[in-house]
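In: sequence first, predicted model second:
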Amino acid sequence: MKPKEYQPVNSMPFLHVISHKEPTLAELQGLVGGLIEVVYLEDGKQLIVNEEGVLLDLPLNQTASMLAGQPIVGNAVILEGLALLT
């Protein structure tokens, strides 16, 4: 079953925030539409993106790109608080 927030990666990319509990690998993969890669943000938060997003020619995620200070494509997830991967 796909997480409720899932959107197909061929639609406009979204940025989702999780802070209440550490998500499972399957949940994160469902949200970004594939294999995950962790981008560490300067404020200590973690940005989860699709590892193959560039190869898959996913659309630019402008909000995630601004936060990361680098181009981010496809759906992205911010992990903060109790949701940080350990």
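Out: All right, it came through fine. From a predicted model like this one, the values you see are computed outputs, not experimental measurements. Numbers count the residues shown, from 1 in each chain.
In: now for the residue nearest to the spatial centre of the chain: which residues touch it?
Out: What sits nearest the mean C-alpha location of the chain, by Cα atoms, centre = their mean, is Ala76, with 2.3 Å. Residues near Ala76 by Cβ atoms under 8 Å, 6 or more residues apart in numbering: 13-16, 32, 47-49, 61, 63-64. For the C-beta atoms, the positions are set from N, CA and C on the backbone; glycine is no exception.
In: and the residues you listed, which are buried?
Out: 13-16, 32, 47-49, 61, 64 (16 or more other Cβ atoms under 10 Å).
In: low-confidence ranges, this structure, go.
Out: Along the chain, segments meeting pLDDT under 70 span 1-10.
In: just the strands in it please.
Out: Ranges of strands within the chain are 15-18, 36-40, 46-50, 76-79, based on DSSP state E.
In: chain center to the first one, what's the gap?
Out: Mean-position distance between strand 15-18 and its chain equals 7 Å (Cα atoms, centre = their mean, to the nearest Å).
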